[in-house]
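S.K.: no FASTA, just this:
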């Protein structure tokens, strides 16, 4: 591990591309630096070599929905979560060598904060008893390290309201913990600018998506990820993705304390997972569904505030009052989850065929009915079902804790634009927010450098560099996706690369 360890400690400013722990080369292109070829001895450098500024690059990761098994999962049953094509996008821009600052900028939540790199508590994070490396499996937060960053959070978003300030400080805490764990005092000045098309606080894994973007960006800056590239062996790709996932989990712990790890896992690898947690002292058992198909999904945000804790407590109380009956309902939800997993695994399952979609849709309808019987729906959620059922658009259920939040609808093939237009008008009139998205798509992706080839005139000059100002000012989901979108215009933009993890 000595090469990787030195790479982390020496930081980007002195970094050549070192060998990874699995014997593969590191770096975005997965190529060894000529000066470090296996055949040549390492030359002793009399002076520090100057390093060119890293080009601006972008990382993107999806949100998630729970498709089957919410609430039952709290009581030890299985659930299925899948990625959605609503995503977070993190643009990393290096500053000139004289600028010794790091800036975190999330315009969607009005967060903009800068730290002086030399003032950060590197000493304790790099102490031999505390130092963690990029290849470590970190499953708990170090209270001494958390305490060390508190003074550097005091002036984050001063003057904002308590609720907004808490969101900002959570974001700053997770970022600083990762930056200090993975970076070094020699790290170059950088700006991390994030835009997200995932509604916040709607149970769609927005913080997990952001955590994955931050972890992947820092690991790329350290040159500790080989890939993604088309010829990468699947075992190597999975190792890289697991590395991102571990550090994203660390960022999630900074915000949520004891997260399940499901959000960051789905966001990192994409597709879907079956997860089950029988012991809350341990992480859940997670089984990837590598062959989960991409399915057309209508996501509706009720804009009704909900409390996950309150809904979970409601079910627990009901179970205490009617243990046998509620136990039977939870078992039935578990049965729906397992039936869905088996159905998708069937050889003749075809995501473009009406019959296959109908069978999945019926399971979603059954799952919703069971959740209604536990008292976790809401009139705003039932209204969405009423509107969609009336138009025959698809199969609808609540997703997440219920009591508000979002619904998901598996779309029937061939629904007319006229019907969808009528529905959109009605939803808008009743203050709902609608997203047409895809279930089960790609996980974390990289655009290196941040240059797109998207059919515009600039392509003749080698593509269009994503300009920071344009990125900051892109209006809403549509504007961000048009500028940088992984699924812009129904196809992946040229230049974006993903770790491919399908079964082989």
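M.R.: It's in. Keep in mind the model is a prediction, meaning the values are calculated, not measured.
S.K.: Help me confirm that residue 472 comes into contact with residue 193.
M.R.: Yes: with contact defined as Cβ atoms under 8 Å, residue 472 reaches residue 193; the gap is 6.7 Å. (C-beta placed from N, C-alpha, C; glycine too.)
S.K.: So for the two, which sits in the more crowded spot?
M.R.: Ranked by neighbour count (other Cβ atoms under 10 Å), residue 472 and residue 193 place residue 193 first, with 20 against 12.
S.K.: Settle this for me: the more buried one is touching residue 93, isn't it.
M.R.: Yes: between residue 193 and residue 93 there is a contact under Cβ under 8 Å: 7.2 Å.
S.K.: okay, and the common contacts of the two?
M.R.: Taking Cβ atoms under 8 Å, 6 or more residues apart in numbering as the contact rule, residue 193 and residue 93 both touch residue 468.
S.K.: okay, and the common contacts of residue 472 and residue 193?
M.R.: By Cβ under 8 Å, 6+ apart, the residues touching both residue 472 and residue 193 are 105, 107.
S.K.: Not counting sequence-adjacent ones, nearest residue to residue 136?
M.R.: residue 246 (7.7 Å; Cβ to Cβ, 6 or more residues apart in numbering).
S.K.: Please list all residues in contact with that neighbour.
M.R.: Counting by Cβ under 8 Å, 6+ apart, residue 246 has contacts 136-138, 215.
S.K.: what's the farthest-apart pair in those?
M.R.: 137 and 215 (13.6 Å; Cβ to Cβ).
S.K.: And the two? Which one has more around it.
M.R.: residue 215 (30 against 9).
S.K.: what helix or strand does that one sit in?
M.R.: Under the criterion of DSSP states H and E, residue 215 resides in helix 206-221.
S.K.: Name the next helix or strand following that helix along the chain.
M.R.: Taking DSSP H and E, what comes next after helix 206-221 is helix 234-256.
S.K.: Can you point out the buried residues in that following helix?
M.R.: 236-241, 243-256 (16 or more other Cβ atoms under 10 Å).
S.K.: what do you get for stretch 476-488?
M.R.: Buried, per 16+ other Cβ under 10 Å, within stretch 476-488: 477, 479-481, 483-488.
S.K.: quick one: which of those is nearest to residue 198?
M.R.: Checking the buried residues of stretch 476-488 one by one against residue 198 (Cβ to Cβ), the nearest turns out to be residue 477, at 9.0 Å.
S.K.: Spit out the contact partners of the closest one.
M.R.: Residue 477 neighbours (Cβ under 8 Å, 6+ apart): 86, 197, 435.
S.K.: In TSV: those residues, plus neighbour count and distance to residue 231.
M.R.: Formatted as TSV, the contacts of residue 477 follow (neighbours: other Cβ atoms under 10 Å; distance: Cβ to Cβ, whole Å):
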residue	neighbour count	distance to residue 231
86	26	30
197	25	31
435	20	35
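S.K.: Show me the residues you listed that map onto helices.
M.R.: Residues of the contacts of residue 477 located in helices (DSSP state H): none.
S.K.: closest to residue 116 among those?
M.R.: residue 197 (31.9 Å).
S.K.: ok, back up a step: as TSV, the contacts of residue 477 with distance to residue 269 and pLDDT would be great.
M.R.: Below are the contacts of residue 477 laid out as TSV (distance: Cβ to Cβ, whole Å; pLDDT from 0 to 100):
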residue	distance to residue 269	pLDDT
86	17	93
197	20	91
435	22	91
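S.K.: Let's see which of those residues end up in strands.
M.R.: In strands, defined here by DSSP state E, the members of the contacts of residue 477 are 86, 435.
S.K.: which one of the contacts of residue 477 is nearest residue 232?
M.R.: Using Cβ to Cβ, the contacts of residue 477 come closest to residue 232 at residue 86, 26.3 Å.
S.K.: correct me, but that closest one touches residue 434?
M.R.: No: counting by Cβ under 8 Å, residue 86 sits too far from residue 434 to count as a contact (11.9 Å).
S.K.: between those two, what contacts are shared?
M.R.: residue 299.
S.K.: Sketch out the strands for the stretch 1-150 of the chain, chain order is fine.
M.R.: 57-68, 78-94, 101-106, 111-116 (DSSP state E, counting those that start in this stretch).
S.K.: Would you mind giving the secondary structure of residue 319?
M.R.: Using DSSP: H, G, I helix; E, B strand; the rest coil, the structure places residue 319 in helix.
S.K.: wait, what's in contact with it?
M.R.: Residue 319 touches 75, 326-327, 330, counting by Cβ under 8 Å, 6+ apart.
S.K.: Leaving out the residues flanking it, which one is nearest to residue 348?
M.R.: Closest to residue 348 by Cβ to Cβ, 6+ apart is residue 356, at 7.9 Å.
S.K.: Tell me the helix or strand right after the helix or strand that neighbour falls within.
M.R.: Taking DSSP H and E as the criterion, residue 356 maps to helix 354-373. Downstream of helix 354-373, the next assigned helix or strand under DSSP H and E is helix 379-391.
S.K.: which helices and strands does that following helix pack with?
M.R.: strand 394-399, strand 406-411, helix 417-429 (3 or more Cβ pairs under 8 Å, 6 or more residues apart in numbering; DSSP states H and E).
S.K.: could the ones you listed be laid out in TSV, adding distance to residue 119?
M.R.: Listed next are the helices and strands packed on helix 379-391 as TSV, based on distance: least, Cβ to Cβ, whole Å:
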stretch	distance to residue 119
strand 394-399	43
strand 406-411	41
helix 417-429	48
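S.K.: So which of these is nearest residue 318?
M.R.: The nearest among the helices and strands packed on helix 379-391, by Cβ to Cβ, is strand 394-399 at 16.5 Å.
S.K.: picking that back up, which among the helices and strands packed on helix 379-391 is found nearest to residue 165?
M.R.: strand 406-411 (25.7 Å).
S.K.: in the stretch 401-504 of the chain, which spans are strands?
M.R.: Going by DSSP E, counting those that start in this stretch, the stretch 401-504 of the chain shows strands at 406-411, 433-439, 445-447, 451-452, 464-465, 496-498.
S.K.: Kindly compare burial across those and name the winner.
M.R.: Mean neighbours per residue, mean count of other Cβ atoms under 10 Å, is largest over these for strand 406-411, with a mean of 24.
S.K.: what's the spacing between the spatially most central residue of the chain and residue 270?
M.R.: Nearest residue to the geometric centre of the chain (Cα atoms, centre = their mean): residue 209, 2.1 Å. Noted for residue 209: a distance of 11 Å to residue 270, by Cβ to Cβ, to the nearest Å.
S.K.: which residues do those two both contact?
M.R.: Joint contacts of residue 209 and residue 270 (Cβ under 8 Å, 6+ apart) are residue 62.
S.K.: And the protein, split by domain according to the record?
M.R.: 52-276+443-498, 294-439 (automatic domain parsing).
S.K.: Now do the same for the residue nearest to residue 348: its pLDDT.
M.R.: On the pLDDT scale, residue 356 is placed at 93.
S.K.: hang on, it packs against residue 350?
M.R.: Yes: between residue 356 and residue 350 there is a contact under Cβ under 8 Å: 4.9 Å.
S.K.: for the chain, which spans come out with low pLDDT?
M.R.: 1-53, 452-464, 487-494, 502-504 (pLDDT under 70).
S.K.: Apply 50 and report the result again.
M.R.: Judged by pLDDT under 50, the chain has its weakly predicted residues at 1-51, 454-461, 488-491, 504.
S.K.: related to what we said a few turns ago, pick the one among the contacts of residue 246 closest to residue 320.
M.R.: For these, the nearest to residue 320 is residue 138 (36.2 Å; Cβ to Cβ).
S.K.: State the distance from that closest one to residue 254.
M.R.: 11 Å.
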